[in-house]
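In: Sequence first, predicted model second:
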2 protein chains.
Amino acid sequence: MTSEGIARTGNNLDPWYSNYAERAGGLAASEVRALFAVASRPEVVSLAGGMPFVSALPQELIMSSMETVMREQGPTALQYGGGAGIPKLREQILDVMAIEGIRGTVDNVVTTTGSQQALDLVTKLFIDPGDVILAEAPSYVGAIGVFRSYQASVVHVAMDENGLIPEALRQTIAHLRGQGRRIKFLYTIPNFHNPAGVTLSAERRPEILDICRANEILILEDNPYGLLHFDEPAPNALRSLDEEGVIYLGSFSKTLAPGFRVGWALAPHAIREKLILAAEAAVLSPSSFSQMVVSQYLSQSDWRGQIDTFRGVYRERKDAMIDALTEYLPGLSWTNPNGGFYVWVTMPDVLDSKQMLPRAVKELVAYTPGTAFFADGRGRHAMRLSFCYPTPEAIRLGVRRLASVVNGELDLLDTFAGTGSLSVRASDRYDEAPPADLK
Amino acid sequence: MTSEGIARTGNNLDPWYSNYAERAGGLAASEVRALFAVASRPEVVSLAGGMPFVSALPQELIMSSMETVMREQGPTALQYGGGAGIPKLREQILDVMAIEGIRGTVDNVVTTTGSQQALDLVTKLFIDPGDVILAEAPSYVGAIGVFRSYQASVVHVAMDENGLIPEALRQTIAHLRGQGRRIKFLYTIPNFHNPAGVTLSAERRPEILDICRANEILILEDNPYGLLHFDEPAPNALRSLDEEGVIYLGSFSKTLAPGFRVGWALAPHAIREKLILAAEAAVLSPSSFSQMVVSQYLSQSDWRGQIDTFRGVYRERKDAMIDALTEYLPGLSWTNPNGGFYVWVTMPDVLDSKQMLPRAVKELVAYTPGTAFFADGRGRHAMRLSFCYPTPEAIRLGVRRLASVVNGELDLLDTFAGTGSLSVRASDRYDEAPPADLK
């Protein structure tokens, strides 16, 4: 919806229809959202959501953290706090980030209502309508949603099994600059990418930073999964190599629990003051209680050991998924992540993951169609499979059901058109051909 | 800061200076914010903040609510939830609103990260740069902050001891329409106004609704203090008289505790779908844990009785403040609220509350200067005094200190200019003369 072309009067369904801001036109229900309802039916194996397996948490320890907070600092926990968050937690966040080579100061850490809020605030701070945000192809559906809600133009940059491709980044920037477009930042998930499952190689990291520095493009590094590696740890964070050019986003949603909604941003000093003002305008202050419980949990628990536990859980599930894909869907291709929650599956060109979804749900398996992760309509032949939440047995069952759906579709196509052979595309990039104007 | 007139390059202090969005120019540290640091020093009597007296809460009951939630539904409380909030809490919110005559459906309630977030989301949904928001004169500082962050133009409407003045609303609308301005909504705090302390009379409520309906102007009714009356309850909510024309905002921050950050919006059906999408873009979902603890507390406590307790606490403090003002500052005028947290004090024209503040802090008392509550620079001769947090004794001491500052300033003016007589302005409106273009 834009204000042009629509009479400024209401309609029968919504008397306020003509009163919305231009940006409200960018709000659309995501494909993931519609799936939440479906996936909640117990008989469906959901490979769709990104819910961490919180049942693996030491619940007694979390309860005792809550009790300690309430007994020792109850009135503080129940009260408003500062807009930047609680100093003690922000210090502990420095310890968490140190694991990935980041050295920062408490002053530059801003705790937020999940790292999603940090995404929202950074976008609000930097994006005028029409400004360009660069993002991997594919990219996180929730980021694309925020970017759209501020009328950004998201332009995807190709990635392969080593993450974002530097040469593709260079070409995309040159092309956009040639068109006179304003590029505000590069949004990237370097580790155990959502949805692609790949990790930006150590070799490429300085190169990506150099390209952005040379072009005066800020980097928004989103790293919720960084500590959840299976074998080798991820290379050090981009932020560890550049203090002034990177806003780093972290989260306790995957390493602890999303129910607290505690994430953070580490911003260059000049930016973080504006970030705090934007945060205060949005929510006054993040929840004191949530922050203090997380802080107390970090103080009194072996949180590194708990992350090891999560790693073991997710590794077993990832293995189950790869094994099942190998067994049941040998004609498809997929990424084999070394951490995180997701596998990106590429199907033959003749199949459309969004069109296939209702049939899959009928067969009691759910996934996220690839189109959810592109701002430009690509991704039809791909899907994201999550291995974070279901048990290995359920994953195996889900992939078996998926295979029956995929094979059923191919049989159908064979019957009607004779084109359904399992001809997997030979591309090693995780997108399809980019739109014509980026070729 | 606007993009015009500023070269699109960085500067020494901030390399990203030229990259911010236009709207970032609307972000400014509020006068209230600077005071938080000051007010936290224990020797200062702060009459500045709006912190509820959470020590009056039954802490054991809150702890037991947390335990029950964790024992019975731990994994749900620690997980992501739906964007609209938890259905059970939204049902209980209907019970809370029923006290003020509101009948709604669970579908149209959206829980948010404090009602501040609801303010943010509604503004994001409706405001294009330059759109007008009508607000009382004075109005809530945090609302003015959000409105500015989306580049709204806030136009104040005069109020008196019976709240917003219908005739002033009519004239302001006519004047703005005459100028071709787009008015998006009226933001109003009908009950125990922040900062003015007054309540919109029952007689005026249908009239305000009629004016807005006739002019197709949406009403944003912000009611965090409604249940905290001292004598007579406030008249029924505006929303109780109009389902389609009012977005109602409520909060548990004042009736329970702000540390959970749980508020809500009750929106017309057509609007609430967009509101949920905007909420999901901003934070994915509000904290499951916080919502479930609040829900459990409402289930297992006599929450109405607890609100009665709060009413008693705040009534005693309000009386202490009015008594002290009468005794120590008889030459000033003030409002005498029947609920809420705030008294609005008007000083002689020769005094400037913002300029006087450093002196007050030196005398160990803090307040909020009146200018914080206007978008147009008015309020210099006024201040907001909060009676919610300090004890009656501290309030008495604080007002005595304030009197010594006020009288000291007047003596000084007398000495130098002979103009310092306590000539309180005779106006019964809580603003000064409106800007020339609104006369």
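Out: Received it, and whenever you're ready, just let me know what you need.

In: going forward, measure contacts between C-alpha atoms and count neighbours the same way
Out: OK.

In: And chain A, what are its domain boundaries?
Out: Taking automatic domain parsing as the reference, chain A has its domains at A:29-56+A:306-431, A:62-300.

In: Need the winner for burial among those domains.
Out: Among the domains of chain A, the stretch with the highest mean neighbour count (mean count of other CA atoms under 10 Å in any protein chain shown) is domain A:62-300, at a mean of 22.

In: host element of A:Pro233?
Out: Following DSSP states H and E, there is no helix or strand that holds A:Pro233.

In: So it versus chain B, what's the distance?
Out: Distance of A:Pro233 to chain B, given as CA to the nearest CA, to the nearest Å: 26 Å.

In: Now do the end-to-end distance for stretch A:382-400.
Out: Stretch A:382-400 has an end-to-end distance of 17 Å (CA to CA, to the nearest Å).

In: So it, near chain B or not?
Out: No - judged by CA under 8 Å from any CA of the partner chain, stretch A:382-400 and chain B are separated, with a smallest distance of 11.1 Å.

In: how far is that stretch from where the chain is centred?
Out: Put simply, stretch A:382-400 sits 18 Å off its chain's centre (CA atoms, centre = their mean, to the nearest Å).

In: Residues touching the lengthiest strand in chain A, excluding its own?
Out: Identified as the longest strand of chain A according to DSSP state E is strand A:153-160. Residues outside strand A:153-160 that contact it (CA atoms under 8 Å, 6 or more residues apart in numbering or on different chains): A:129-139, A:144, A:147-148, A:164-165, A:168-169, A:172, A:198, A:374-375, A:428-431.

In: Centre of the chain to the next helix or strand along the chain from that strand, how far?
Out: Using DSSP H and E, the helix or strand that follows strand A:153-160 in sequence is strand A:163-164. On the basis of CA atoms, centre = their mean, strand A:163-164 is displaced by 15 Å from the centre of the chain it belongs to.

In: Specify the angle between the helix or strand following strand A:163-164 and strand A:153-160 in degrees.
Out: The element immediately downstream of strand A:163-164 (helix or strand, assigned by DSSP H and E) is helix A:166-178. Helix A:166-178 runs at 160 degrees relative to strand A:153-160, counting by axes from the mean of the first three to the mean of the last three CA atoms, to 10 degrees.

In: Does helix A:166-178 pack against any helices or strands, and if so which?
Out: Packing partners of helix A:166-178 (3 or more CA pairs under 8 Å, 6 or more residues apart in numbering or on different chains; DSSP states H and E): strand A:153-160, strand A:183-188, helix A:204-214.

In: let's see it at 10 Å
Out: strand A:132-137, strand A:153-160, strand A:183-188, helix A:204-214 (3 or more CA pairs under 10 Å, 6 or more residues apart in numbering or on different chains; DSSP states H and E).

In: can you redo those as TSV with mean pLDDT?
Out: As requested, the helices and strands packed on helix A:166-178 are exported to TSV (pLDDT from 0 to 100):
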stretch	mean pLDDT
strand A:132-137	98
strand A:153-160	98
strand A:183-188	98
helix A:204-214	98
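
In: Which secondary structure element is home to A:Trp344?
Out: Per DSSP H and E: strand A:342-346 holds A:Trp344.

In: now that strand, how far from the chain's geometric center?
Out: With CA atoms, centre = their mean, you get 14 Å for strand A:342-346.

In: by contact count, what packs against it?
Out: helix A:303-328, strand A:333-334, strand A:382-386.

In: who's in contact with the closest residue to A:Leu329 other than its chain neighbours?
Out: Leaving aside its chain neighbours, A:Leu329 sits nearest to A:Ala403 (5.8 Å; criterion: CA to CA, 6 or more residues apart in numbering or on different chains). The contact partners of A:Ala403, taken as CA atoms under 10 Å, 6 or more residues apart in numbering or on different chains, are A:324-325, A:327-330, A:332, A:360, A:397, A:409.

In: For the helix or strand hosting A:Ala403, what does the pLDDT average out to?
Out: A:Ala403 is located in helix A:392-417, with elements delineated by DSSP H and E. For helix A:392-417, mean pLDDT rounds to 93.

In: for stretch A:288-295, same thing?
Out: 98.

In: Does chain B have contacts with it?
Out: Yes - judged by CA under 10 Å from any CA of the partner chain, stretch A:288-295 comes into contact with chain B at A:288-291.

In: Next one: the residue in the stretch 151-300 of chain A positioned nearest to chain B relative to B:Glu273, how far apart?
Out: Here the stretch 151-300 of chain A gets closest to chain B at one residue, A:Gly259, 4.0 Å apart by CA to the nearest CA. Distance of A:Gly259 to B:Glu273, given as CA to CA: 23 Å.

In: what does A:Glu221 give?
Out: As judged by CA to CA, A:Glu221 and B:Glu273 stand 31 Å apart.

In: Enumerate every residue touching the closest residue to A:Ala21 other than its chain neighbours.
Out: In this structure, A:Ala21 finds its nearest non-sequential neighbour in B:Phe126, 4.4 Å apart by CA to CA, 6+ apart. Counting by CA under 10 Å, 6+ apart, B:Phe126 makes contact with A:16, A:18-24, B:133, B:150, B:152, B:184-185.

In: Let me have these in CSV, adding distance to B:Asn338 as columns.
Out: CSV is the format used below for the contacts of B:Phe126 (distance: CA to CA, whole Å):
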residue, distance to B:Asn338
A:Trp16, 35
A:Ser18, 39
A:Asn19, 36
A:Tyr20, 36
A:Ala21, 37
A:Glu22, 41
A:Arg23, 40
A:Ala24, 39
B:Ile133, 27
B:Tyr150, 33
B:Ala152, 32
B:Lys184, 30
B:Phe185, 27
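
In: Closest to B:Glu280 out of the residues you listed?
Out: A:Ala24 (13.2 Å; CA to CA).

In: And for the closest one, the neighbour number?
Out: 24 (other CA atoms under 10 Å in any protein chain shown).

In: Please report the distance of the closest residue in space to it that isn't next to it in sequence from B:Pro75.
Out: Distances taken as CA to CA, 6+ apart place B:Leu125 nearest to A:Ala24, at 5.4 Å, with adjacent residues excluded. With the distance defined as CA to CA, B:Leu125 ends up 33 Å from B:Pro75.

In: so A:Glu136 touches A:Val198, yeah?
Out: No - counting by CA atoms under 10 Å, A:Glu136 does not reach A:Val198; the two are 11.1 Å apart.

In: Mutual contacts of the two, please.
Out: Common neighbours of A:Glu136 and A:Val198 (CA under 10 Å, 6+ apart) are A:159-160, A:163-164, A:189-190, A:430.

In: State the mean pLDDT of stretch A:14-34.
Out: 81.

In: contacting residues for A:Val198?
Out: Here A:Val198 is in contact with A:159-164, A:189-192, A:335-340, A:342-344, A:430 (criterion: CA under 10 Å, 6+ apart).

In: Give me the distance between the two termini of stretch A:337-354.
Out: With CA to CA as the measure, stretch A:337-354 spans 23 Å from end to end.

In: same thing with stretch A:45-63?
Out: End-to-end distance of stretch A:45-63 (CA to CA): 30 Å.

In: do it and chain B meet?
Out: Yes - remark: stretch A:45-63 sits within contact range of chain B at A:50-57, A:59-60, A:62-63, by CA under 10 Å from any CA.
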